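Q: need a structure here:
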Amino acid sequence: MSLTSMERDGSQVVTVNAPRIDAAIAIQFKEDMRSLTESGPDRVILDLSAVDFIDSSGLGAIVAAMKQLDASRRLDLAGLTPKVDKVFRLTRMDTVFNLFDSLDGAVAAKRG
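A: As a prediction, this is how the structure comes out:
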């Protein structure tokens, strides 16, 4: 699992550099997210623009990553491709996460 992290305009941006988040990498994804987000800004933006496929294990891993954050911190999602966006909306996870069309849109948005 390849994740990169940087700080941008007061938010931590974690970018997924893989085309899939599925059962094969879900556990590693959770561990990598925990390592990258142990501390930092109150807002974490997960950039999913390179992800073309996500299954229920991947969805669960993203939820677990959110739950690993301190209560004062928030995980927002950006750059969802149409297939990934559809999974989040069909599972009603769009009511749990703030979804942004692009990373720039997420960074520009005020923390909600």
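
Q: quick one: residues contacting the most centrally placed residue in the chain.
A: Most central in the chain under Cα atoms, centre = their mean is L46, positioned 3.1 Å from the mean C-alpha point. Contact partners of L46, counting by Cβ atoms under 8 Å, 6 or more residues apart in numbering, are V14, V16, I62, A65, L75, D76, L77, A78. The way it works is simple: take the backbone N, C-alpha and C, and place the C-beta from them, glycine included.

Q: how about JSON lines for those residues, with distance to G40, neighbour count and secondary structure added?
A: Formatted as JSON lines, the contacts of L46 follow (distance: Cβ to Cβ, whole Å; neighbours: other Cβ atoms under 10 Å; DSSP: H, G, I helix; E, B strand; the rest coil):
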{"residue": "V14", "distance to G40": "10", "neighbour count": "21", "secondary structure": "strand"}
{"residue": "V16", "distance to G40": "17", "neighbour count": "25", "secondary structure": "strand"}
{"residue": "I62", "distance to G40": "17", "neighbour count": "24", "secondary structure": "helix"}
{"residue": "A65", "distance to G40": "13", "neighbour count": "21", "secondary structure": "helix"}
{"residue": "L75", "distance to G40": "12", "neighbour count": "22", "secondary structure": "strand"}
{"residue": "D76", "distance to G40": "14", "neighbour count": "21", "secondary structure": "strand"}
{"residue": "L77", "distance to G40": "17", "neighbour count": "23", "secondary structure": "strand"}
{"residue": "A78", "distance to G40": "16", "neighbour count": "23", "secondary structure": "strand"}
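
Q: ok so, going back, can you list the strands that the helix or strand harbouring the residue nearest to the centre of the chain pairs with?
A: Assigned by DSSP states H and E, L46 belongs to strand 43-47. Paired strands of strand 43-47, with direction, are strand 11-16 (parallel), strand 74-78 (parallel) (DSSP bridges).
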